[in-house]
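J.: the following comprises the amino acid sequence and a computationally predicted model.
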Amino acid sequence: MKDTRYSLRALARLLAYPDANLRADLAPLIAAIDDEAVVPANRRAELRALAAELVRLDPLEVEARYVETFDRGRSTSLHLFEHVHGDSRDRGPAMVDLVQTYEKAGLFLGPDELPDHLCVVLEFASTQPPALAKAFLGEMAHILNAIFSALLKRESAYAAVVAAVLELAGQKAQAVAIQADEAIDDAWAEPEAFDGCSTKGQASPGEAQPIHIVRKKPAGAAERATA
């Protein structure tokens, strides 16, 4: 099986915030993908078009488009568990499981990184043998196809990047039915202060909410215990 490590790392970078540093790196990133030649040729042409667009357009417009695309809509969120768990309590354990997967491979996240962000997932996959990377990403194909479809609907050139990831996972990029994004104010609205603490993905208002009590030792107790 052909090595995919550089293509996966380059695709991760292409999905990062398009600041000046990233825009300066676009040429070598595209060259790395072309050199490895594991992404289909027609898809590589689309990636080159994306890179050209990021260079050609005004930097402020490029950055604003990125925020609008990935930070202001659930359907195009690059946080994969957002598509599965939303804000539910299941998201935390899923995050822990993914972190443990990384740590078992000897990889540790930085303080500002979340394990389910697609860029992080691709970085991890790039460190694995090609067959394992393909299987790992293949498990997420349904999520990736949902993101791909949402990007297609927005006519975003970033759809080519997610499509390339699907193809490296041995999957076909195909449009699937997606739910329309809620208005941003509705999606991120705070729950009413005195009408339950639940929103989408959590238990319904009025249902019992589990809490965890952490007992604090009296001051000095820890010192006496170790004396």
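T.: Noted; the coordinates are in hand. What you are looking at is a predicted structure, and each value in this text was computed from that prediction instead of being measured.

J.: now do stretch 121-133: distance from first to last residue.
T.: 10 Å (C-alpha to C-alpha, to the nearest Å).

J.: flag the shaky bits of the protein, pLDDT-wise.
T.: 177-227 (pLDDT under 70).

J.: where do the helices sit along it?
T.: 5-14, 20-36, 41-56, 59-66, 80-84, 91-104, 118-126, 130-138, 141-153, 159-168, 184-187, 221-226 (DSSP state H).

J.: including distance to residue 74 and mean neighbour count, could these go into CSV?
T.: (Glycine included, C-beta is placed from N, CA and C.) Formatted as CSV, the helices of the chain follow (distance: least, C-beta to C-beta, whole Å; neighbours: other C-beta atoms under 10 Å):
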stretch, distance to residue 74, mean neighbour count
helix 5-14, 21, 23
helix 20-36, 24, 15
helix 41-56, 23, 15
helix 59-66, 16, 14
helix 80-84, 6, 20
helix 91-104, 13, 14
helix 118-126, 14, 21
helix 130-138, 21, 16
helix 141-153, 9, 21
helix 159-168, 15, 24
helix 184-187, 6, 11
helix 221-226, 44, 9
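
J.: could those helices go into a markdown table alongside distance to residue 73?
T.: Below are the helices of the chain laid out as a markdown table (distance: least, C-beta to C-beta, whole Å):
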| stretch | distance to residue 73 |
| --- | --- |
| helix 5-14 | 19 |
| helix 20-36 | 21 |
| helix 41-56 | 19 |
| helix 59-66 | 12 |
| helix 80-84 | 10 |
| helix 91-104 | 18 |
| helix 118-126 | 14 |
| helix 130-138 | 22 |
| helix 141-153 | 7 |
| helix 159-168 | 14 |
| helix 184-187 | 8 |
| helix 221-226 | 47 |
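
J.: stretch 15-28: how far from the chain's middle?
T.: Here stretch 15-28 shows a centroid-to-chain-centroid distance of 17 Å under the convention C-alpha atoms, centre = their mean, to the nearest Å.

J.: please save the CA atoms from that stretch in PDB.
T.: Extracted in PDB, the C-alpha atoms of stretch 15-28 (Å, rounded to 0.1, in the frame of the first residue of the first chain):
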ATOM      1  CA  LEU A  15      -8.000  22.900   6.400                       C
ATOM      2  CA  ALA A  16      -6.200  25.200   8.900                       C
ATOM      3  CA  TYR A  17      -7.000  28.900   9.400                       C
ATOM      4  CA  PRO A  18      -5.600  30.600   6.200                       C
ATOM      5  CA  ASP A  19      -3.400  33.100   7.800                       C
ATOM      6  CA  ALA A  20      -0.300  34.600   6.200                       C
ATOM      7  CA  ASN A  21       1.900  31.700   7.300                       C
ATOM      8  CA  LEU A  22      -0.400  29.100   5.700                       C
ATOM      9  CA  ARG A  23      -0.800  31.100   2.500                       C
ATOM     10  CA  ALA A  24       3.000  31.200   2.200                       C
ATOM     11  CA  ASP A  25       3.200  27.400   2.500                       C
ATOM     12  CA  LEU A  26       0.500  26.500  -0.100                       C
ATOM     13  CA  ALA A  27       3.000  25.900  -2.900                       C
ATOM     14  CA  PRO A  28       5.100  23.300  -1.100                       C
END
